[in-house]
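Student: no sequence for this one, just the structure:
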């Protein structure tokens with residue numbers, strides 16, 4: 001191992017980058033395609049589309065058209081989320097899991113190989129997550145609800161994947177994350193700002209690790 005690391009350094013290769021790249025190979029073109037699909041669905045004008053539809057259409061009214069749009073957004077975000085997670089080695093993904101008391105969007109089982117990533121090592125043996133595809137801003141209720149689910153599912157770590165408009169989190173949201181963090185409950189927000197980095201070639205696990213550190217330190221540049 002020492003010789004391997006020395007060879008990497010001598011060739012100006014970052015050992016950490018090699019580990020990240022070995023553990024995670026996301027299909028970047030797939031991520032880019034899904035991001036474009038999200039943009040198209042967001043631009044979907046329910047009012048004008050509903051007006052152009054006949055009464056025989058499956059979704060003839062504005063309300064039903066908006067519901068259709070919401071389902072498409074949710075499905076696309078879920079596909080995007082799972083595409084990133086399933087590009088990782090050392091973890092196993094379960095989607096739309098039901099227990100006797102609740103339902104969660106996904107659970108990540110952390111296996112031995114993933115211990116090379118501090119977030120996964122801290123989260124072992126598993127973590128949970130939710131996808132929130134609302135056009136409104138980030139909400140404190142999402143964090144509190146997810147912490148409640150974390151307690152039900154015996155984990156101290158979770159991820160909120162969100163398709164909210166990208167921006168720095170407000171001070172009150174960062175403070176809420178910090179309060180839960182002080183109690184040992186780590187909620188990591190992961191938004192379109194991070195997905196865009198991955199679409200531009202950044203490593204998903206490295207971006208997730210950076211986001212984890214920002215949550216632990218409640219930094220002012222914590223974005224979604």
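Tutor: In hand now; what should we look at? Quantities reported herein were computed from a predicted structural model and do not represent experimental measurements. Residues are numbered from 1 along each chain as shown.
Student: low-confidence stretches in this protein?
Tutor: 1-9, 98-102, 134-135 (pLDDT under 70).
Student: please repeat the previous calculation with a cut-off of 80.
Tutor: Within the chain, the stretches with pLDDT under 80 are 1-15, 44-47, 49-53, 56, 59-60, 62, 65-67, 95-103, 133-136.
Student: give me the most central residue, it.
Tutor: With distances taken as C-alpha atoms, centre = their mean, the residue of the chain nearest its centroid is residue 161 (3.2 Å).
Student: does that residue lie in a helix or a strand, and which?
Tutor: Per DSSP states H and E, residue 161 falls inside strand 157-162.
Student: which residues touch that strand?
Tutor: Residues outside strand 157-162 that contact it (C-beta atoms under 8 Å, 6 or more residues apart in numbering) are 77, 80-81, 105, 119, 122-123, 127-134, 138, 142-143, 146-147, 149-150, 185-192, 208, 224. Placement of C-beta: from N, CA and C, glycine included.
Student: out of the residues you listed, list just those in strands.
Tutor: When the contacts of strand 157-162 are checked against strands (DSSP state E), the matches are 105, 127, 128, 129, 130, 131, 132, 186, 187, 188, 189, 190.
Student: got the contact list for the last one?
Tutor: Spelled out, it's residue 190. 159, 160, 161, 162, 208, 211, 224.
Student: the helix ranked longest in the chain packs against which elements?
Tutor: What stands out as the longest helix in the chain, according to DSSP state H, is helix 62-85. Where contact means 3 or more C-beta pairs under 8 Å, 6 or more residues apart in numbering; DSSP states H and E, helix 62-85 is packed against helix 28-42, helix 46-52, strand 91-98, strand 103-110, strand 126-132, strand 157-162, helix 192-199.
Student: among those, which is nearest residue 168?
Tutor: helix 192-199 (9.1 Å; C-beta to C-beta).
Student: now the closest one: buried residues?
Tutor: 192, 193, 194, 195, 198, 199 (16 or more other C-beta atoms under 10 Å).
Student: follow-up on the earlier one: and the helices and strands packed on helix 62-85: which comes nearest residue 172?
Tutor: Nearest of the helices and strands packed on helix 62-85 (C-beta to C-beta): strand 157-162, 15.8 Å.
Student: mind checking how far that closest one is from the chain centre?
Tutor: From the chain centre to the centre of strand 157-162 is a distance of 5 Å (C-alpha atoms, centre = their mean, to the nearest Å).
Student: no further queries at this time; thank you.
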